[in-house]
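Asks: kindly return the folded structure for what I paste below:
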Amino acid sequence: MNRREFVASTAAAALTAAASPALARPGAQMSPTPPVAKKIPVTITQLGRTRTDDYQWMKDDNWQAVLRDPTLIKADVKEHLEAENAYREAMMASTLPLQEQMFQEMRGRIKEDDSSVPSPDGPWEYYVRYDTGDQHPLHCRRPRGGGAETVLLDANALAEGKAYSEVSAAGHSPDHTLFAYAEDAQGSEVHQIYVRDLVTGEVLPDPIQSANGNFTFSPCSQWIFWTNRNENGRPDKIFRRPSRGGETTLVYEEEDEGMFIGVERSSDDQFILIGIQNQETSEARYIPADAPTSEPRVLAERIVAQRYDADHWGDRWVIRTNADDAIDFKIVEAPTDAPDRDAWTDLVPHTPGRFIEGVALVKDFLARQERADANTRIVIRDRAGAEHEIAVDEPAYALSLAGASEFETTTMRYGYNSPSTPTSTYDYDLATQERTLRKVQEVPSGHDPADYVVERLNAPAEDGQLVPVTVLRRRTTPVDGSAPLLLYGYGSYGIPMAASFSTGRLSLVDRGWIYAIAHIRGGSDKGWGWFLDGRKFKKKNTFTDFTAAADHLISRNYTRAGNIVAQGGSAGGLLMGAVANMRPELWAGVIGQVPFVDVINTMSDTSLPLTPPEWPEWGNPLEDPEAYDYMMSYSPYDQVAPRAYPAILATGGLSDPRVTYWEPQKWVAKLRPATTSGNPVLLKINMEAGHGGASGRFDYLKEVAHDYAFAVWAIERGWERG
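Replies: Next up is the predicted model:
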């Protein structure tokens, strides 16, 4: 069957299935035929070990060019991806009404003509807003305290005529005469940076090319600094040029391809800071604001397996670090002219189990955000050392410290929400300890937090650790084992999963589902040690924590085995692949969003953007036999075997530089002939987007609705199978 015949047959099957639910059931006569991926075995020998990959041909040898121009993809790869998309659409045709219904529900919960709380800075206050029907925001300002609005950037006009457009960063110069923004027009995270003259309104010629989206103006506003993105998609250089255009100068080049770099200004605008880091090691360099063209100086030489980040507090450096075995980090200070480690003195000592996530500074106060037991709190400290806490008495919630856009202020901003409670934004007076409610997230279709129950469970892991699990359900949903449940997890890079509010997930919860978040190791939900206990040679803790969470939910009668859909994205997609292999009987369905599943091949390919920087996270299978063997023992793609797999949906983006499209494509190609259950294995590749999916706010909701409709479909298929 050729490509044209396949599309015609699957389209016909889709229409038939949509018209007749009986024909949409598994094994029905008109069920479409899945694509069969050709096998071209490639034998790879590495560290004396040999593996065979039947689907390596799916990786385009010219992938760097494809990221920048997806039309360059190889014809056979494109044909197979399009066939997979057509098959998935046909198989899920019966869910189209549900997808549309969920999308309309999700859209109805968004205030379409919304606006952020303005952030004051000097004579102006800056904000973003949406007009009704707009996919993208307007970046605006007005005189402080009120007055006529100026639109600095209409991202809708910028996106016009483009399949994808995302403004990843935007900001004004300190003198308020310029406005810069970084646009990714492919989803590949290759950005152009534009500068607009706010006096004339004109966009200046010669935009900055091949940037990674990170930039800052110098405190004097005369220069713009940015981070370059090289041909392999890695940030490798910091450049500088006059803000209104001119000759480009190399400021800093990082020789270690395993490090990420970025540039920003210090909170007090006394320095330009260059941050250099990977998952375990970091270094900072600084340039005095009164000499912005000078060479950057090292704040403290990097030490392997030691991290620090620095900011300047008017008359001293403030540094967050895990030095001296401070696993959950401490805060130290150092003189402005002597910031090396020898001069560090403790400002906030280390407390085990209290992870200091970040620090925000204004003239007379320091605020820090801490995390413990999968919840956050904010602690305020004045220069004399007196402290007080902003905390919330709920079982599961999220506080987020936004800080301040000015240094000469006593006001900081923070947000609060919980799985049942929309976000409230507060301005907090650090001196008087008074807070002012600036905004409550509006849910136009109506939402009453009292209709929902939020609970925090602790699931016993295999080694006795307690894994926090946040549960959201409607108050009327019974806890009798009958409810379908979606279990979400991530568990990598020390990134915690906040117990936060989402309007989208209500489309499941309001249908009688239970939504649960497993705060598993590999994240920092219970501190930095929680992260360290789920990385490298302890990575399997991440997977067994997740299955322990499922088992605990079953034992507590929230659901039953086979009535759970697991969901995770990126490194959370690795989790999905691992738990599908380990405990397939637990799941009715598994949703792997942009899943990192081809672990050995990816971590052995030094041309890929994230491979060298992530060896500290996963191990280096090119040089370390122990790392190779351990990674091979859990790599989802390599561990696919004949099993009764649940229904599986893998998603990806053709322009994704983080988890390249061929990972989910190869995974699906290997899973489909392996599964013994008869459950579908589906692939959805967005041919016009990257890692984050669609760029417009409504287009993104369609993707969420699609995935949730798959979850409902997977549960219903389970009922059909008995």
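Asks: only C-alpha atoms for contact and neighbour calcs from this point on.
Replies: Fine.
Asks: what's the span of stretch 561-576, first residue to last?
Replies: End-to-end distance for stretch 561-576, by C-alpha to C-alpha, to the nearest Å: 16 Å.
Asks: again, but for stretch 423-439
Replies: 8 Å.
Asks: got the contact list for it?
Replies: Identification of contacts with stretch 423-439 by C-alpha atoms under 8 Å, 6 or more residues apart in numbering yields 117, 365, 380, 410-417, 440-441, 501.
Asks: the helix or strand harbouring residue 589 - contacts with which helices or strands?
Replies: If you go by DSSP states H and E, residue 589 is part of strand 587-593. With contacts taken as 3 or more C-alpha pairs under 8 Å, 6 or more residues apart in numbering; DSSP states H and E, strand 587-593 sits against strand 564-569, helix 571-582, strand 647-653, helix 697-721.
Asks: residue 120 reaches residue 146, doesn't it?
Replies: No: look at residue 120 against residue 146 with C-alpha atoms under 8 Å: they stay out of range, at 10.8 Å.
Asks: which one of those two has more residues nearby?
Replies: residue 120 (18 against 10; other C-alpha atoms under 10 Å).
Asks: phi, psi of the more buried one?
Replies: Main-chain dihedrals, residue 120, degrees, to the nearest 10: phi -70, psi 140.
Asks: can you tell me which residues contact it?
Replies: 126, 144, 405, 406.
Asks: any chance of TSV for the residues you listed, columns distance to residue 583, secondary structure and pLDDT?
Replies: Listed next are the contacts of residue 120 as TSV, based on distance: C-alpha to C-alpha, whole Å; DSSP: H, G, I helix; E, B strand; the rest coil; pLDDT from 0 to 100:
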residue	distance to residue 583	secondary structure	pLDDT
126	50	strand	98
144	57	coil	96
405	48	coil	93
406	51	coil	96
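Asks: among the residues you listed, who's most crowded?
Replies: Neighbour-wise, the contacts of residue 120 (other C-alpha under 10 Å) top out at residue 126, 22 neighbours.
Asks: quick check: the gap between the closest residue to that one other than its chain neighbours and residue 412.
Replies: Setting aside the residues directly before and after it, residue 126 is nearest to residue 141 in space (C-alpha to C-alpha, 6 or more residues apart in numbering), at 4.4 Å. Residue 141 is 19 Å from residue 412, where distance means C-alpha to C-alpha.
Asks: for the stretch 251-400 of the chain, what spans make up the helices?
Replies: For the stretch 251-400 of the chain, helices defined by DSSP state H, counting those that start in this stretch do not occur.
Asks: which other helices and strands contact whatever helix or strand residue 226 lives in?
Replies: Using DSSP H and E, residue 226 sits in strand 223-229. Here strand 223-229 touches strand 208-217, strand 235-242, strand 260-265, going by 3+ C-alpha pairs under 8 Å, 6+ apart.
Asks: note down every partner strand of the longest one and its orientation.
Replies: When pairs are called by DSSP bridges, strand 208-217 turns out to pair with strand 191-197 (antiparallel), strand 223-229 (antiparallel).
Asks: quick one: mean pLDDT for that strand?
Replies: On average, the pLDDT along strand 208-217 is 97.
Asks: and the angle from that strand to strand 235-242?
Replies: With axes from the mean of the first three to the mean of the last three C-alpha atoms, to 10 degrees applied, the angle from strand 208-217 to strand 235-242 works out at 70 degrees.
Asks: chain center to strand 208-217: distance?
Replies: Distance of strand 208-217 from the chain centroid (C-alpha atoms, centre = their mean, to the nearest Å) equals 20 Å.
Asks: quick one: buried residues of that strand?
Replies: Across strand 208-217, burial judged by 16 or more other C-alpha atoms under 10 Å covers 208, 210, 211, 212, 213, 214, 215, 216, 217.
Asks: next up, the contacts around the fifth one.
Replies: Contacts for residue 213 (C-alpha under 8 Å, 6+ apart) come out as 168, 169, 182, 183, 184, 189, 190, 191, 192, 193, 226, 227.
Asks: check the last one too.
Replies: Taking C-alpha under 8 Å, 6+ apart, we find residue 217 in contact with 172, 173, 174, 223, 224, 225, 243, 265.
Asks: try 7 Å this time
Replies: 173, 223, 224, 225 (C-alpha atoms under 7 Å, 6 or more residues apart in numbering).
Asks: please apply the same query to residue 50.
Replies: Residue 50 neighbours (C-alpha under 7 Å, 6+ apart): 43, 44.
Asks: next up, identify which helix or strand it is on.
Replies: Residue 50 belongs to strand 49-53, assigned by DSSP H and E.
Asks: that strand pairs with which strands?
Replies: Strand 49-53 is paired, per DSSP bridges, with strand 42-46 (antiparallel).
Asks: give me the contacts around the strand it pairs with.
Replies: So strand 42-46 is contacted by 50, 51, 52, 53, 54, 622 (C-alpha under 7 Å, 6+ apart).
Asks: report the two of those residues separated the most.
Replies: 54 and 622 (20.5 Å; C-alpha to C-alpha).
Asks: hang on, the earlier thing: between the contacts of residue 217, which has the most around it?
Replies: residue 225 leads those on contacts (other C-alpha under 10 Å) with 26 neighbours.
Asks: identify the residues contacting the residue lying closest to residue 239 once chain neighbours are set aside.
Replies: Leaving aside its sequence neighbours, residue 239 sits nearest to residue 250 (C-alpha to C-alpha, 6+ apart; 4.6 Å). By C-alpha under 7 Å, 6+ apart, residue 250 lies in contact with 238, 239, 240.
Asks: the last one and residue 224 touch, don't they?
Replies: Yes: here residue 240 reaches residue 224: they are 5.7 Å apart, a contact under C-alpha atoms under 7 Å.
Asks: any common contacting residues for the two?
Replies: Joint contacts of residue 240 and residue 224 (C-alpha under 7 Å, 6+ apart) do not exist.
Asks: follow-up on the earlier one: got the contacts of strand 42-46 as CSV, with distance to residue 682 columns?
Replies: Shown next, in CSV, are the contacts of strand 42-46 (distance: C-alpha to C-alpha, whole Å):
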residue, distance to residue 682
50, 29
51, 25
52, 24
53, 20
54, 19
622, 32
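Asks: from those, keep the buried residues only.
Replies: Buried among the contacts of strand 42-46 by 16+ other C-alpha under 10 Å: 53, 54, 622.
Asks: isn't the second one right up against residue 39?
Replies: Yes: if you go by C-alpha under 7 Å, residue 54 and residue 39 touch, sitting 4.9 Å apart.
Asks: any stretches of this structure with poor pLDDT?
Replies: The model of the chain has pLDDT under 70 over residues 1-30, 718-722.
Asks: quick one: terminal-to-terminal distance for stretch 515-534?
Replies: Start-to-end span of stretch 515-534 (C-alpha to C-alpha) is 23 Å.
Asks: what's next to that stretch, contact-wise?
Replies: 327-328, 353-355, 371-374, 467-473, 485-489, 491-497, 509, 535, 540-542, 545-546, 549.
Asks: what ranges do the helices span in the stretch 1-150 of the chain?
Replies: 3-19, 63-68, 75-91, 96-108.
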